[in-house]
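>>> need a structure here:
(chains A, B and C)
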Amino acid sequence: MMRRALAIGLVCAIGALLVFTVSNYLLPFGTFPQRKFENFENQSVAQVYLENAPIAGAGGAGSANVVTSIVWDYRGYDTLGEATILFTAVCGVAMLFRAAKERD
Amino acid sequence: MAGMTLIVKTASRLLFPFVLVFGIYIVLHGHLTPGGGFPGGVIIVAAIVMLLLGYGAEVAKVKFSPLQASVSENIGSLILVATGLLGLFVGLNFMKNALPLGTTGNLFSAGFLIPLNIGVGIKVAAGLAVILYAMLTAFEEEEK
Amino acid sequence: MNFDYIVAMLMISFGLYCLLIKRNLIKMVIGLEILTFGIHLFLISMGYREGGIAPIVTSVNPASVVATLGVDPLPQALVLTSIVIDVCVTAMLLSLAIHAYRHYKTLDMSELRRLKG
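Sure, this is the predicted structure:
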């Protein structure tokens, strides 16, 4: 009973702190490249991606879908690592259930 | 694992080709519409899971055996790495676009996105099928 | 009044509550999933633009409209990777839960903690 009340109090405190942090006072909504930080204003890496990805020539990716061109053209190495994680998870699950089958 | 009633069997058998074609469409049009390799692979494996749940594991093992799924996963992974090595052999870096870019908006545009999406779609579908077969058929000898 | 951020933080709080209180192993996995979904929702809604459209060049929206009105495509690409990693972690957790049930005949966390060896 004591443990349950303590857990509810902790979750309420953490939830209140999180909701206060993302309220309109500290983190305004819908201001994609307009965050001012020292000298950077209206510039971001994502704006460069949005302008350069549909260009079918040198310096562009030539695809109509900007998200897919980011996943494969500009950050292809990360997606190769993710395919390795998928392969590792399949190996792990197969290894766990092979031990159960050999024991029977 | 036993199958289900006649209604579930008939419905899954009738819906299987449509879900499969929809999954292949999402994989192939990854550079034109939202989607790509990963969601398309999950939809393809959802079609196989429909048959697995409706007919039981014994019947589904004859059609899509776990050995075929394991070999298909490795073939998909090899397509992924071979397309990346193609950029290295031409003269640019690893995983750089070496196939021709067309005009933006056609089906055959954006160079190496089509083989990569196909490779990842096959890899995700076969990998999830291996996981499901391992989980569903591991403890069958105890139940008999 | 930004509802996206507040709903994401509420999902994180509910997932944390479910992870702390429940004793069934499967329910704890569900709580972890809800927590991860809340984090993904928060990451994607950080890149919204006022009156924004999807970052895809079609015949209705040419490339100039996408460059001035499109939303941020970079968190969407990173969350795509994170979703696949979440699926792999859930597969490993569920297979461990199946093994624990077959060996100890119970899924209760307080019972499993007392068994040693």
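
>>> Check the closest residue to A:Pro28 other than its chain neighbours and give its pLDDT.
Distance criterion Cβ to Cβ, 6 or more residues apart in numbering or on different chains; nearest residue to A:Pro28, sequence neighbours excluded, is C:Asn2 at 7.7 Å. Where you see a C-beta, it was placed from the backbone N, CA and C, and this is true even at glycine. At C:Asn2, the model reports a pLDDT of 82.

>>> Spit out the contact partners of C:Asn2.
When contacts are counted by Cβ atoms under 8 Å, 6 or more residues apart in numbering or on different chains, C:Asn2 touches A:Val22, A:Ser23, A:Asn24, A:Leu27, A:Pro28, A:Phe29, A:Gly30.

>>> give the contact list for the spatially closest residue to A:Gly59 that is not a sequence neighbour.
Nearest in space to A:Gly59, with sequence neighbours left out and distances taken as Cβ to Cβ, 6+ apart, is A:Asn52 at 6.1 Å. Residues near A:Asn52 by Cβ under 8 Å, 6+ apart: A:Gly59, A:Gly60, A:Ala61.

>>> Would you state the helices of chain B in chain order?
B:6-28, B:37-55, B:57-63, B:66-90, B:113-136, B:140-143 (DSSP state H).

>>> residue in chain C nearest to chain B?
Proximity of chain C to chain B (Cβ to the nearest Cβ) peaks at C:Ala91, 5.4 Å away.

>>> What's the first helix or strand after the helix or strand containing that residue?
Per DSSP states H and E, C:Ala91 falls inside helix C:74-104. With elements assigned by DSSP H and E, the helix or strand that comes after helix C:74-104 is helix C:109-114.

>>> where in chain B is pLDDT low?
Residues of chain B meeting the criterion pLDDT under 70: B:140-144.

>>> how about the residues of it near chain A?
B:30-34, B:36, B:73, B:77, B:80-81, B:84, B:95, B:97, B:101-105, B:109-113, B:116-117, B:120, B:123-124, B:127, B:130-131, B:134-135, B:138-139, B:141-142 (Cβ under 8 Å from any Cβ of the partner chain).

>>> Give me the contact status of the longest helix seen in chain A with chain B.
As assigned by DSSP H, the longest helix anywhere in chain A is helix A:76-103. Yes - using Cβ under 8 Å from any Cβ, helix A:76-103 reaches chain B at A:76-77, A:79-80, A:83, A:86-87, A:89-90, A:93-94, A:96-98, A:100-101.

>>> tell me, which of these make contact with chain C?
Within the residues of helix A:76-103 next to chain B, those near chain C by Cβ under 8 Å from any Cβ are A:Thr79, A:Leu86, A:Ala89, A:Val93, A:Leu96, A:Phe97, A:Ala100.

>>> The first one: neighbour count?
For A:Thr79, the tally of surrounding residues (other Cβ atoms under 10 Å in any protein chain shown) stands at 23.

>>> List the contacts of the residue lying closest to it once chain neighbours are set aside.
Ranked by Cβ to Cβ, 6+ apart and with sequence neighbours excluded, the top spatial neighbour of A:Thr79 is A:Val71, at 5.5 Å. Residues in contact with A:Val71 (Cβ under 8 Å, 6+ apart) are A:Thr79, B:Gly36, C:Ala77, C:Leu80, C:Thr81.

>>> got it, and C:Tyr104?
Per Cβ under 8 Å, 6+ apart, neighbours of C:Tyr104: C:Glu111, C:Leu112, C:Leu115.

>>> swap in B:Ile114?
B:Leu28, B:Gly30, B:His31, B:Phe108.

>>> Out of those residues, which end up buried?
Using 16 or more other Cβ atoms under 10 Å in any protein chain shown as the burial test, these include B:Leu28, B:Gly30, B:His31 as buried.

>>> close enough to count as contact, the first one and B:Asn117?
Yes - proximity of B:Leu28 to B:Asn117 meets the contact threshold set by Cβ atoms under 8 Å, at 7.2 Å.

>>> Now the common contact residues for the two.
B:Gly40.

>>> picking that back up, any of the contacts of A:Val71 buried? List them.
A:Thr79, B:Gly36, C:Ala77, C:Leu80, C:Thr81.
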